[in-house]
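S.K.: Provided below are the primary sequence and the corresponding predicted coordinates.
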Amino acid sequence: MSEAQKPDSMDEVTRRVEQVAQENARLFRELAAGERRIRRLAKAIWAVQEEERKRIARELHDGLGQNLTALKIQLEVLEREALASHSKLVPKISETLGFAARALEEARELSHLLRPRILDDLGLEPALRWMGRTLAERTGIQIQVSCPGLEDRLEPELETVIFRVVQEALTNAVKHSGIGDKGAIEVEVFRRGAWVHLRVEDQGTGFDSSVVMASGKDPKGSGLGNIRDRVEISGGRLSVRTAPGKGTRIEVRLPLEGEAVANAPEDETR
């Protein structure tokens, strides 16, 4: 290459570098747009699932639940009448009454788990307290729920995501932490700046999170994969602090105002 050719060559290199930079910027914009479309699609699918859960929960509560209530009342009347004239039938009627009562309780519980009305009617904090109380009564595990500064309602979609993440984390802790009925689980949800934070912590057996998070595997069906998917698609951040024998601490933060906040630099969101 002669000396006379160098300026033109340098111009050409500069031009090509600029072209590559522009192409990279274009590809990055397309990638970001694709991620936003996938995120919107996944959120739309979950919204449909929540609506279907709501419909089935309503039918269980209003349809099957009312029929079982009517059956239980009829059996109670029949039991009182049998005491007077057909006492031999009383044990059978009492047994049938017990079956009806259990079926009614299970239908109500399933309805609440699918979509508790309290979440739509009263909001996130009462729904989380109800979930903690119900789970504690069933398992004997102490479940402490605190929601400081969360008196105002959040967007319904955000309340649903938080409720489902806490539900998944609590189920995971009850099934896999090994804390038994003498243990305790803490749930905390609070707002800070443009984010809502939640923490679910137990003092159970823990696990090796580096293996789980690196491999993307979900040991024992722990539900971490579901939590991670919900959080990421909602533009949030997930942190799992755990080690064998040292319990598990799941921390999540979710943007209050969607992707605009989620995509902002870290220091703009505090």
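M.R.: Received the coordinates, thanks. Numbers count the residues shown, from 1 in each chain.
S.K.: shaky segments in the stretch 101-250 of the chain?
M.R.: 209-222 (pLDDT under 70).
S.K.: one more time with 80, if that's ok
M.R.: In the predicted model, the stretch 101-250 of the chain carries pLDDT under 80 at residues 180-182, 207-223.
S.K.: which element is R26 on?
M.R.: Element membership of R26, judged by DSSP states H and E, is helix 6-59.
S.K.: now E201
M.R.: Assigned by DSSP H and E, E201 falls in strand 195-202.
S.K.: that strand pairs with which strands, and in what direction?
M.R.: If you go by DSSP bridges, strand 195-202 pairs up with strand 184-192 (antiparallel), strand 248-255 (antiparallel).
S.K.: columns mean neighbour count and distance to L64 on top of those, output as JSON lines?
M.R.: Just so you know, the C-beta spots here come from the backbone N, C-alpha and C atoms, and that holds for glycine as well. Output for those, formatted as JSON lines (neighbours: other CB atoms under 10 Å; distance: least, CB to CB, whole Å):
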{"stretch": "strand 184-192", "mean neighbour count": "18", "distance to L64": "30"}
{"stretch": "strand 248-255", "mean neighbour count": "22", "distance to L64": "34"}
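S.K.: could you dump those into a markdown table and include distance to V240?
M.R.: A markdown table is the format used below for the strands paired with strand 195-202 (distance: least, CB to CB, whole Å):
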| stretch | distance to V240 |
| --- | --- |
| strand 184-192 | 15 |
| strand 248-255 | 6 |
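S.K.: I'd like to know which of these lies nearest to F28.
M.R.: The closest of the strands paired with strand 195-202 to F28 is strand 248-255. By CB to CB, the value is 21.1 Å.
S.K.: what is the mean pLDDT for stretch 45-56?
M.R.: The pLDDT scores in stretch 45-56 average 85.
S.K.: got the buried residues for it?
M.R.: For stretch 45-56, the neighbour count (16 or more other CB atoms under 10 Å) marks 46, 50, 53-54 as buried.
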